[in-house]
Structure formats: C-alpha cells, structure tokens
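1. just a sequence and a predicted model for now, questions to come.
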Amino acid sequence: MQNQNFAYFIGIDISKSTFDVAILNEDRTTSYFFENSKKGTNAFIRLLKNQKIPLKDTLTCMEHTGVYGKLIIAKLVEKEASFCVEMPIKITKSIGLHRGKNDRVDAVRIAQYASKNVGQLKLYEPIPEILEKVRILLKIRRQLVNARADFNKYPNELELFSPEMGKLAKKNLKKINKNLTGEIERIEGDIKKLILSDDRLNKTIGLVTSVTGIGQITALHLTVFTSFFTKYDNPKQLACYCGVVPFEYTSGSSINRKSRIHPMANRTLKKHLHMGAMAAINHDPEIKAYFERKVEEGKNKMLIINNVRNKLVHRICAVIKRQQPYVKNVA
C-alpha cells in the first residue's frame, strides 16, 4: 500500500443484522454498534464526521462476509474511503492464539490487524458491474445444476436395485427435470446476452475459450473470480489460487507426506479446470500425447491430470497477456 501514514485504523465485524466498529488511534480504542442497513451505514459515516475522523487519514478493514457486507462496502466506495476486505482465516491466523470471542472484540482485533499489516494490505477494488451480474447468474445456474443432480441421484441408484421402482421415480421427476433444464438454459441465454453487451467481457471470454478444453462457463468463472485477470500478477499465483499447485509436506525425518493441494484453494475453479483438463486430453493432440507418454512412464494419472490443469492456467494467462487467441500446436 503506497500511503502507510494512516492516523486511524477502523475494524468492522459484520453480521446479518448488525455490524460492530472499533476505531484505533495510537493506543486508544473506541467501540460502536450499528444496524446493518442503509440507516446504520449512514449513522456510521455521521459518527466519523462528528468525531472529526477524516476518511483520507483512515484505513478501514473488514472480513469478507459475502452479501452481508454489501451496504457498508457500497457506502465506503461512495465516500472514496481507503479500505480493505480480507478473508477471515487470514485475519485469524495473523492474530495468533487468543481466548474468547464476540463481535465487539472481533472488531478490535480486525483494527489491530490493519494497523499491524498496513504495509502488506491491498485496498479494495470494486468488481465491474457487468461481472457482478454474471457472478449472480452463475451462482443461480450452479444451484439449479446441483438441484437437478440431487433430484436424479435417488432414482438412478434405485433403478440399479429395483428397475420398476426406479422407472416410477424417474417418471414423476420428468416434469421437474424439464423445468430445471429449461431454467438453466434460460439463465445461460441471459449470460450470453450480458457477454455480447460488453466489449471487454466478450473479448476476454473469446480469448480464454480459444484454449482447447476451456468452455464458456469455465471462462466466465475465471474472469469473475479474477476480475478480468487483474488480481494475480503471474500464472503461478493464479494456479495456486485455483488449487492446481501441490505443496511439499516434510519436516525432518518424521514427517514425509506426499505433496498435496492446499485446502484454501478455490474449489469451484478447480472443479471446472478438472473438466477442462479432461476435455483437453481428449481433443488437444499435444496434451493427449503428453498424457499418454506420462502414463506409459508409470506416473499417477491424477498427478498427470493436475499437471494438465496447470498447463491450461498458463495457456489462459498467456492469451490474456498477449491479447491473442491460442494457436493449437500439432504434437
């Protein structure tokens, strides 16, 4: 962060109905409590004004709480405040061992975290509105796809052991399946309209889908989660975030586990990249030759697939950097 000379540090702990605020100035901390509503966020801004706390000299920090933080984030963006939104586990691990927990104490700890780590924090950058709309539609689509899979799981299993009962279950779910499929297709149509309505998004999706194995839905997830690929400086960082980089787990002579993926990875991106890797193995001659060669060498198939996922991330980052579609090589 360029400006590290903040006079005040504010920690905000947000819940569904309320948010707690802790204002840290040197060694003095004051705590406040507000309703998580437009009225409450306006009251928070008035408090800062009344206490003559200038936003330009203040760094505000809060945990990423999804939809619960929308109102306060929108207000801080409107006021051009300097603030950051951090993952809860990052703050928890930074604080270290502590006893007790409540919202007021958590707000104080967040303010202390901001004061301690001001040099390493990155200011919040709002996601473009077009990506916010796509993100919402993707989430609804994902819920519908999962619901359809859940509905079909029982009759498919039942049919294995009782074909007659399985057919009965499928018959009664036929209309539900049809409606769910229709809604999924409708949402996908709305997503396509959004893509065509924005030149930057349309070009980005075109570039990413030029990589063999990467479909439109996977490209959209990558674009949304990375905010047009601006949140990561290089392919290695993005690959780590996507969960396709294994980490070593060894210590002395007693701990010598296999390298594995960190559990904090983005599971949604990892899932889509896995499907993309399987498609690339089937349809990209270069990757198919690589996969078959490694199998013949006796390598673990899941390890090879993970390497393919990593290759796809590097190819995607390359086409975004060069702003040129991927050109398939012949093995």
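-> Happy to help now that I have it.

2. for the residue positioned nearest the centre of the chain, phi and psi?
-> The C-alpha lying nearest the average C-alpha coordinate of the chain belongs to F225 (CA atoms, centre = their mean; 4.8 Å). F225 adopts backbone torsions of phi -70, psi -30, taken as degrees, to the nearest 10.

3. now do the same contact list for it.
-> 231, 241, 266, 268-269 (CB atoms under 8 Å, 6 or more residues apart in numbering). C-beta coordinates here come from the backbone N, C-alpha and C atoms, glycine included.

4. quick one: contacts for H272?
-> 217-218, 221-222.

5. surely it is in a helix?
-> Yes: applying DSSP: H, G, I helix; E, B strand; the rest coil, one finds H272 inside a helix.

6. for it, give its distance to I305.
-> Distance check for H272 against I305: by CB to CB, to the nearest Å, it reads 13 Å.

7. what are the boundaries of the helices in the protein?
-> 38-50, 70-78, 88-95, 103-116, 129-161, 163-197, 199-208, 216-226, 235-241, 267-283, 285-296, 301-322 (DSSP state H).

8. state the number of residues packed around P54.
-> When neighbours are defined as other CB atoms under 10 Å, P54 has 11 of them.

9. okay, now the closest residue to V313 other than its chain neighbours: neighbour count?
-> Spatial nearest neighbour of V313, chain neighbours left out: A239 (4.5 Å); criterion: CB to CB, 6 or more residues apart in numbering. The local packing of A239 (other CB under 10 Å) involves 24 other residues.

10. residue ranges with poor pLDDT in the stretch 201-331 of the chain?
-> For the stretch 201-331 of the chain, the stretches with pLDDT under 70 are 247-264, 329-331.

11. pLDDT weak spots in the stretch 1-150 of the chain?
-> Ranges of the stretch 1-150 of the chain meeting pLDDT under 70: 1-4, 97-100.

12. 90 - rerun?
-> The model of the stretch 1-150 of the chain has pLDDT under 90 over residues 1-5, 26-28, 55-56, 66, 87-104, 119-120, 122, 125-127.

13. can you list the domains in the protein?
-> In terms of domains, the chain is parsed into 8-116, 129-197, 218-322 (source: automatic domain parsing).

14. what residues are up against V77?
-> So V77 contacts 124, 126 (CB under 8 Å, 6+ apart).

15. same check, this time on F151
-> 173, 176-177, 180.

16. with Y154 instead?
-> A169.

17. redo that, cut-off 10 Å
-> Counting by CB atoms under 10 Å, 6 or more residues apart in numbering, Y154 touches 166, 169-170, 173.

18. check Q216 too.
-> By CB under 10 Å, 6+ apart, the contact set of Q216 is 188, 191-192, 195, 205-206, 208-209.

19. do T230 as well
-> 125, 127-128, 320.

20. now swap in E164 and tell me
-> Counted by CB under 10 Å, 6+ apart, E164 has contacts L158.

21. report pLDDT for it.
-> E164 is assigned 88 on the pLDDT scale.

22. where does N179 sit relative to A147, distance-wise?
-> Relative to A147, and taking CB to CB, N179 is found at 11 Å.

23. thinking again about what came up before, can you add neighbour count and distance to I110 and give the contacts of Y154 back as a markdown table?
-> A markdown table is the format used below for the contacts of Y154 (neighbours: other CB atoms under 10 Å; distance: CB to CB, whole Å):
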| residue | neighbour count | distance to I110 |
| --- | --- | --- |
| G166 | 17 | 53 |
| A169 | 18 | 50 |
| K170 | 16 | 51 |
| L173 | 16 | 47 |
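
24. now the residues you listed in a markdown table, with distance to I23?
-> Formatted as a markdown table, those follow (distance: CB to CB, whole Å):
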| residue | distance to I23 |
| --- | --- |
| G166 | 62 |
| A169 | 59 |
| K170 | 60 |
| L173 | 56 |
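
25. which one among those residues gets closest to D27?
-> Among the contacts of Y154, L173 lies closest to D27 (CB to CB), at 63.8 Å.

26. how about that closest one: what's its closest non-neighbour residue?
-> Using CB to CB, 6+ apart, the nearest residue to L173 is F151, at 5.6 Å.

27. got it, and L55?
-> Using CB to CB, 6+ apart and skipping the chain neighbours, the partner closest in space to L55 is A81 (4.4 Å).

28. OK, contacts around that neighbour?
-> 10, 45, 48, 54-56, 58-60, 73, 75, 123-124.

29. which of the residues you listed sits closest to N300?
-> Nearest to N300, judged by CB to CB, of the contacts of A81 is Y124 at 40.7 Å.
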